[in-house]
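1. What shape does this take:
(chains A and B)
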Amino acid sequence: MSPPVSRGFRHFRRPTAGEQDRVPPGQYVAQGFPVLSAGPTPHTPLPEWTFSIRQAGETLKSWTWDEFQALPAQDVTVDIHCVTRWTKLDTMWRGVPVDTLLGQAEHDAPYVMAFSDGGYTTNLPVQDVTNSQAWVAFGYDGQPLAAEHGGPARLLVPHLYFWKSAKWVRGLELLDHNQPGFWESYGYHIYGDPWRQQRYAGD
Amino acid sequence: MATAAVRGRLTWQTATVTSVMRETDAVRTIELEVPDWPGHHAGQHLDVRLTAEDGYTAERSYSIATADDEPVAITVERLDDGEVSPYLTEELHAGDQLELRGPIGGWFVWDTSDGGPLLLVAGGSGVVPLRAILRHRQRAGSDVPARLLYSSRTLAEVIYHSELDQYRGGVAVSYTLTRSQPPGWTGYSGRVDAALLAKIAWPASEHPLVFVCGPTSFVEAVAGNLVALGYPAGRVKTERFGGA
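-> From the prediction side, this is the model:
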């Protein structure tokens, strides 16, 4: 069955040839940097900030802000895709690879739950946050990451919808099974691959 | 029913426009007949997909404007640099069809059992899901006290004005106009700041439940000020709108 055609729907340009393989289906290229969050922006003072790797209620490893800053960081330029349909190309971040963090905690867990100030959580397979695919980012566009965009530090997992890149992240809980995080409990997809349009549960 | 077996999977379906109502110069409420609608809760949204004659498609999300037991409607503001909203507000007529799926979202919703007192804070067309909450409260016969603080640039841009003005008993609606005020304006003027919130908001000791919807900078400021007034962050639900 073919969809109804909206006569008079004056659409914009299609993505250019250079963008075509970078803009997932159903997305459009945004120039600004929109924000999506469920509540007030938390402001944790840096002296109180830690990043922890936890498992079964135990803290396997924890870094203070200064210790975290001393870890080797990388500059990465990536495209990001929000489930609300904006895609932003060539965003520039600075952060510590999750490989470096999980590498300091001995484990064989298949899943993590990222947890944040404000109670936000999101679930991810370990294989999606390792192998140079994810960072804990504290810099954006050459500046410290602004609080409204998740600062002082957020997860950056650019190959999944951006709600997986948890803002105000404070650590990773290692899990032996997959379980839904915050948005995943409210109808959003358990995995969130933008190239397969996994926006909502069942997509 | 076949649909029950696949509940949880949101499938695209063809909806028919039953009416387009003018709210303001730039805003229309579009009522839709959706043959297979599973029902919605106040505060949820839906996705619209348009297909152009050349096959190009565009999708956007819109808040649902109606109460749980009402037909589906969305209220859309025309954004001049937008792609989808000019079509929805200027071209679409009763009888036209479009694709949609929903309802979506389970966080920014309110039901009578969630209680209150309710504080609803709207910036511009952020009033849409809050209007759905007020309508649901009314139609469900709830006596949860509610206050709506609605910030608009001008009086002419206030959406649902006559409807909101009809609320009595248990619902108090306050407006603030940020850009210009007509002669004799008795509402508030200027942006929603800490002082205005302190005047309108329930004391934190009453354990209010808050819904804030509007542009990002508005939501950031309001939510931050409410936390400063002693509201626990977990009782302040926010939703930003964006997109074209």
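2. Can you check the pLDDT for the closest residue to chain A within chain B?
-> Residue nearest to chain A within chain B: residue B:9 (3.2 Å; C-beta to the nearest C-beta). Glycine gets a C-beta too; all of them are placed from N, C-alpha and C. Reading off the confidence values, residue B:9 has pLDDT 82.
3. Would you agree it is in contact with residue A:203?
-> Yes: with contact defined as C-beta atoms under 8 Å, residue B:9 reaches residue A:203; the gap is 7.4 Å.
4. which stretch of helix or strand covers the residue of chain B closest to chain A?
-> Assessed by DSSP states H and E, residue B:9 sits outside every helix and strand.
5. what residue ranges in chain A score low on pLDDT?
-> Within chain A, the segments meeting pLDDT under 70 span A:1, A:13, A:32-36.
6. Helices along that one, start to end?
-> Ranges of helices within chain A are A:17-20, A:65-69, A:98-102, A:126-129, A:182-185, based on DSSP state H.
7. Can you give the contact residues for the last one?
-> Translated: helix A:182-185. A:38, A:119, A:120, A:121, A:122, A:123, A:163, A:190, A:201, B:106, B:107 (C-beta atoms under 8 Å, 6 or more residues apart in numbering or on different chains).
8. let's see it at 7 Å
-> A:38, A:120, A:121, A:122, A:123, A:163, A:190 (C-beta atoms under 7 Å, 6 or more residues apart in numbering or on different chains).
9. Quickly check the residues you listed for the two that are furthest apart.
-> Maximum pairwise distance among the contacts of helix A:182-185 (C-beta to C-beta): 17.9 Å, between A:38 and A:190.
10. Just the closest residue of chain A to chain B, please.
-> Nearest to chain B, among the residues of chain A, is residue A:202, at 3.2 Å (C-beta to the nearest C-beta).
11. Could you pull out the strands in chain A for me?
-> Assigned strands in chain A, in chain order: A:28-29, A:50-55, A:58-64, A:74-81, A:86-97, A:111-116, A:121-125, A:135-140, A:143-144, A:154-156, A:169-175 (criterion: DSSP state E).
12. Now mean neighbour count and distance to residue A:149 too, for the helices of chain A, in JSON lines please.
-> Below are the helices of chain A laid out as JSON lines (neighbours: other C-beta atoms under 10 Å in any protein chain shown; distance: least, C-beta to C-beta, whole Å):
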{"stretch": "helix A:17-20", "mean neighbour count": "10", "distance to residue A:149": "23"}
{"stretch": "helix A:65-69", "mean neighbour count": "15", "distance to residue A:149": "18"}
{"stretch": "helix A:98-102", "mean neighbour count": "20", "distance to residue A:149": "19"}
{"stretch": "helix A:126-129", "mean neighbour count": "18", "distance to residue A:149": "19"}
{"stretch": "helix A:182-185", "mean neighbour count": "20", "distance to residue A:149": "17"}
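13. which one of those lies closest to residue B:239?
-> helix A:182-185 (12.6 Å).
14. Any idea how far the closest one is from the middle of the chain?
-> A distance of 14 Å separates the centroid of the chain from that of helix A:182-185, by C-alpha atoms, centre = their mean, to the nearest Å.
15. Next: stretch A:113-128.
-> Distance of stretch A:113-128 from the chain centroid (C-alpha atoms, centre = their mean) equals 9 Å.
16. So which residues make contact with that stretch?
-> Here stretch A:113-128 makes contact (C-beta under 7 Å, 6+ apart) with A:38-39, A:42, A:44, A:109-112, A:134, A:155, A:157, A:160, A:163-164, A:166-173, A:175, A:178-184, B:233-234.
17. From those, list just the buried residues.
-> Neighbour-count burial (16 or more other C-beta atoms under 10 Å in any protein chain shown) applied to the contacts of stretch A:113-128 gives A:38-39, A:42, A:44, A:109, A:111-112, A:134, A:155, A:157, A:160, A:163-164, A:166-173, A:175, A:180-184, B:233.
18. rewinding a little: for residue B:143, state which of the contacts of helix A:182-185 is nearest.
-> Nearest to residue B:143 among these is residue A:38, at 27.6 Å by C-beta to C-beta.
19. which residues sit in contact with that closest one?
-> Residue A:38 sits next to A:120, A:182, B:107, B:237, B:238 when contact means C-beta under 7 Å, 6+ apart.
20. Repeat that for residue A:9.
-> Residues near residue A:9 by C-beta under 7 Å, 6+ apart: B:50, B:52, B:87, B:91.
21. out of those, what pair is the most spread apart?
-> So, the contacts of residue A:9 by C-beta to C-beta: farthest apart are B:52 and B:91, at 11.5 Å.
22. For residue B:25, see how far away residue B:84 is.
-> As for residue B:84, its distance to residue B:25 is 18 Å (criterion: C-beta to C-beta, to the nearest Å).
23. Out of the contacts of residue A:9, which sit inside strands?
-> Using DSSP E, those in strands are residue B:50.
24. Need the contacts of residue A:9 in CSV (columns: pLDDT and distance to chain A).
-> Shown next, in CSV, are the contacts of residue A:9 (pLDDT from 0 to 100; distance: C-beta to the nearest C-beta, whole Å):
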residue, pLDDT, distance to chain A
B:50, 95, 5
B:52, 92, 5
B:87, 95, 5
B:91, 94, 4
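25. Top of the contacts of residue A:9 by number of neighbours, please.
-> For the contacts of residue A:9, the largest neighbour count, defined by other C-beta atoms under 10 Å in any protein chain shown, is 24 neighbours, found at residue B:87.
26. Who are the contact partners of that one?
-> A:6, A:8, A:9, A:10, B:50.
27. tell me which of those residues is nearest to residue A:70?
-> residue B:50 (51.1 Å).
28. can you count the residues close to the closest residue to the closest one other than its chain neighbours?
-> Nearest residue to residue B:50 in three dimensions, chain neighbours excluded: residue A:6, at 4.6 Å (C-beta to C-beta, 6 or more residues apart in numbering or on different chains). The number of residues packed near residue A:6 is 25, by other C-beta under 10 Å.
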